[in-house]
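A.B. asks: Provided below for reference: sequence and predicted model.
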Amino acid sequence: MVAVKALACELPSKLGIPLSRFSGEEIKRYVVDSGIVASISGITIWRWLSADAIKPWQYRSWIFPRDPQFANKAGPILDLYQGKWMGMPLAPNDYVVSTDEKTSIQARRRVAETLPPKTRSAMRVEHEYQRKGALAYLAAWDVHRAKIFGRCERKTGIKAFERLVDQIMIQEPYNSAQRVFWIMDNGSSHRGSISDDRLAKRWPTIIPVHTPVHASWLNQVEIYFSILQRKVLTPVDFTSFSELEERILKFQEHYEMVAKPFEWKFTREKLNKLIDKLNSQIELRAAA
C-alpha cells in the first residue's frame, strides 16, 4: 500500500515513464510489471488512494509568486476585504471597489438555431457560427455593498477606463465618500504612477490599490466575471453585437437582485503562512 501511494505521488516522467499523469490503470500496470506486487485490482488501488485523497490523474494550474514584494502588495488588499486600512477600521463612508476588464467577448451567431433541453436530451448548440463582432466589458464590484457597475466598450484603454470611473464616482454614496479604494491590476489603461496621478487629479478621494503581478485571484471582480461567464457567455449564442451587450448589462441588474458580498476567507495572516511555506519549499529544493 505504501509503495503504491508513494508511486502515485511521483511524476511519471521522473521514473522514465512516458506519461504526464498517472491513471489508476497505469499505476496498476507499473506496480505489477516492476514486481512491487504480483497482482492487484484497479478497485484496490482506487480504495488505497481515496483514503488519502490522492488523485494523480487530476491536476490544476497555478502561478508561483514572482514579485519579491508580493506580500507587501497583497496584504493591504486582503486588509481592505476585512474592512481595514493601515491597521485601522474603515470609516462608515469609506468604500472598496474591485475593478477589471473582460476583453474580446465575441458575439457568435450559430448557423442553426439552438435547441432547448428536453427529456433525455441536453441543450443542443450548433458548432459552426458567424462572428458578429466583439466587445470589452469593464466592471467594478463594490466589495462590501455587493453592487456591480459595468459598461461595454468597443475596446479597452485609458478613456474607456475613465468612463467607468466617472460612471461610478458621480453617483452616491461614492461622490461624497471620504475615501474610495479602487483595487485594480497593472493593465495598461491604469498602470503606474502616471495613471494614479491622473485619477487623483480627477477624483481626489480615490485611493488606487494595485495587485501584484499575476495575482488576478486577489481581485474580487474576477469572481463576478466567472459567474458572468457561466451564466451568460456559455454557450455563446447571440444574434448580434447589440444583443450580446444588452444581455451583459441586463445580467448586472438580474444578479444584483440576489447578490451578497463574497465570503472572502483568505486573510493577510493566511497569506503570510503561505509565503513562509513557499519559501521553505524553495530552500529545500535549493539544498537538494
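C.D. replies: Yep, that arrived. Residues are numbered from 1 along each chain as shown.
A.B. asks: which stretches of the stretch 101-250 of the chain form helices?
C.D. replies: 158-169, 192-202, 221-231, 241-256 (DSSP state H, counting those that start in this stretch).
A.B. asks: immediately after the longest one, which helix or strand?
C.D. replies: Next in sequence after helix 241-256, counting helices and strands by DSSP states H and E, comes helix 268-287.
A.B. asks: Where does the closest residue to residue 272 other than its chain neighbours fall, secondary structure wise?
C.D. replies: Among residues not flanking residue 272 along the chain, residue 71 sits closest, at 6.5 Å (CB to CB, 6 or more residues apart in numbering). Using the backbone N, CA and C atoms, a C-beta is placed for each residue, glycine as well. Using DSSP H and E, residue 71 maps to helix 70-81.
A.B. asks: Do me a favour and average the pLDDT over that helix.
C.D. replies: Mean pLDDT, computed over helix 70-81, is 95.
A.B. asks: Show me what that helix packs onto, helices and strands only.
C.D. replies: Here helix 70-81 is seen to pack against strand 179-184, strand 206-210, helix 268-287 when contacts are counted using 3 or more CB pairs under 8 Å, 6 or more residues apart in numbering; DSSP states H and E.
A.B. asks: to the chain's geometric centre, what's the distance from it?
C.D. replies: In this view, helix 70-81 has its centroid 17 Å away from the chain centroid, taken as CA atoms, centre = their mean, to the nearest Å.
A.B. asks: So what touches whichever helix or strand comes after it?
C.D. replies: Note on helix 70-81: by DSSP H and E, the next helix or strand toward the C-terminus is strand 84-85. Strand 84-85 has contacts (CB atoms under 8 Å, 6 or more residues apart in numbering) with 76, 79, 90, 94, 179, 181.
A.B. asks: Contacts only, for the closest residue to residue 139 other than its chain neighbours.
C.D. replies: Of all residues not flanking residue 139 in the chain, residue 150 sits nearest, at 3.7 Å (CB to CB, 6+ apart). Contacts for residue 150 (CB under 8 Å, 6+ apart) come out as 137, 138, 139, 140, 164, 248, 249, 252.
A.B. asks: Please list only the buried members of those residues.
C.D. replies: Buried members of the contacts of residue 150, counted by 16 or more other CB atoms under 10 Å: 137, 138, 139, 140, 164, 248, 252.
A.B. asks: In PDB, list the C-alpha atoms belonging to the helix holding residue 71.
C.D. replies: Taking C-alpha atoms only, helix 70-81 is exported to PDB below (Å, rounded to 0.1, in the frame of the first residue of the first chain):
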ATOM      1  CA  PHE A  70       4.100  40.100  -3.200                       C
ATOM      2  CA  ALA A  71       3.100  40.100   0.500                       C
ATOM      3  CA  ASN A  72       3.500  43.800   0.800                       C
ATOM      4  CA  LYS A  73       1.300  44.500  -2.100                       C
ATOM      5  CA  ALA A  74      -1.300  41.800  -1.500                       C
ATOM      6  CA  GLY A  75      -1.600  42.400   2.300                       C
ATOM      7  CA  PRO A  76      -3.400  45.800   2.000                       C
ATOM      8  CA  ILE A  77      -5.900  44.300  -0.400                       C
ATOM      9  CA  LEU A  78      -6.700  41.500   2.000                       C
ATOM     10  CA  ASP A  79      -7.000  44.000   4.800                       C
ATOM     11  CA  LEU A  80      -9.500  46.100   2.800                       C
ATOM     12  CA  TYR A  81     -11.600  42.900   2.300                       C
END
